[in-house]
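Asker: coords below, sequence missing:
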């Protein structure tokens with residue numbers, strides 16, 4: 001089978017899985033549903049769901065802080081962003097993933113728990129209307145918590161979202 005046909009078949013399979021619901025999109029045919037995702041796998045599923053991303057370095061390498069990488073993204077984080085897209089009906093643009101350059105910790109970008117998403121009128125309104133404002137973070141970012149304990153921090157240039 002040609003490489004092009006293999007890619008097209010994989011994209012079609014991912015698209016059909018997404019139509020069945022975001023939670024099943026990445027677990028349906030994965031050998032280990034809780035294993036961290038690879039760049040191509042996460043990128044294909046995000047693309048099929050209409051979630052875009054941007055990178056100041058126009059790259060996806062995890063070791064480069066100017067890239068936007070999904071290598072090592074947790075399946076629950078992917079599920080969280082797909083559910084956010086579906087619930088908010090907003091166009092989402094990811095500006096930060098698992099690449100170097102973020103703070104360390106057990107619930108960090110590097111551990112696959114966090115994504116940075118560019119703000120928009122739609123997303124700002126959705127978060128403020130549907131999630132509970134808890135307090136401000138030490139850096140002054142307003143914090144909002146979802147019913148399932150995800151945490152949205154409104155930083156100056158983006159939403160820093162922790163998916164638990």
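Answerer: Received the coordinates, thanks. These numbers were taken from a predicted model, which means no experiment stands behind them. Numbering: from 1, shown residues only.

Asker: what bits of the chain have low per-residue confidence?
Answerer: In the predicted model, the chain carries pLDDT under 70 at residues 1-32.

Asker: show me where it has helices.
Answerer: 3-20, 22-25, 39-48, 75-88, 121-130 (DSSP state H).

Asker: The third one: how far from the chain's middle?
Answerer: For helix 39-48, the gap between its own C-alpha mean and the chain's C-alpha mean amounts to 10 Å (Cα atoms, centre = their mean, to the nearest Å).

Asker: And stretch 102-109, by the same measure?
Answerer: 15 Å.

Asker: cool, stretch 135-150 as well?
Answerer: Computed by Cα atoms, centre = their mean, the separation of stretch 135-150 from the middle of its chain amounts to 17 Å.

Asker: distance between the ends of that stretch?
Answerer: Start and end residues of stretch 135-150 are separated by 14 Å (Cα to Cα, to the nearest Å).

Asker: And the contacts of it?
Answerer: Under the contact criterion Cβ atoms under 8 Å, 6 or more residues apart in numbering, stretch 135-150 has outside partners 80, 127-128, 130-134, 151-155, 160-164. In short, each C-beta sits where N, CA and C put it, glycine included.

Asker: How about stretch 94-105?
Answerer: 46, 51-55, 61-73, 81, 108-112, 114-118, 157-158, 160.

Asker: Write the ChimeraX selection for whichever of those are buried.
Answerer: Remark: buried members of these, expressed as a ChimeraX selection using 16 or more other Cβ atoms under 10 Å:
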select :46,51,53,55,61,62,64,67,68,69,70,71,72,73,81,109,110,111,112,114,115,116,117,118,158,160
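
Asker: Surely residue 114 and residue 162 touch.
Answerer: Yes. Residue 114 lies in contact with residue 162 (Cβ atoms under 8 Å); the separation is 5.2 Å.

Asker: Please enumerate the shared neighbours of the two.
Answerer: Joint contacts of residue 114 and residue 162 (Cβ under 8 Å, 6+ apart) are residue 107.

Asker: Quick check: the gap between the closest residue to residue 113 other than its chain neighbours and residue 55.
Answerer: Spatially, and ignoring its direct neighbours in sequence, residue 113 is nearest to residue 107 (4.5 Å; Cβ to Cβ, 6 or more residues apart in numbering). Residue 107 sits 23 Å away from residue 55, going by Cβ to Cβ, to the nearest Å.
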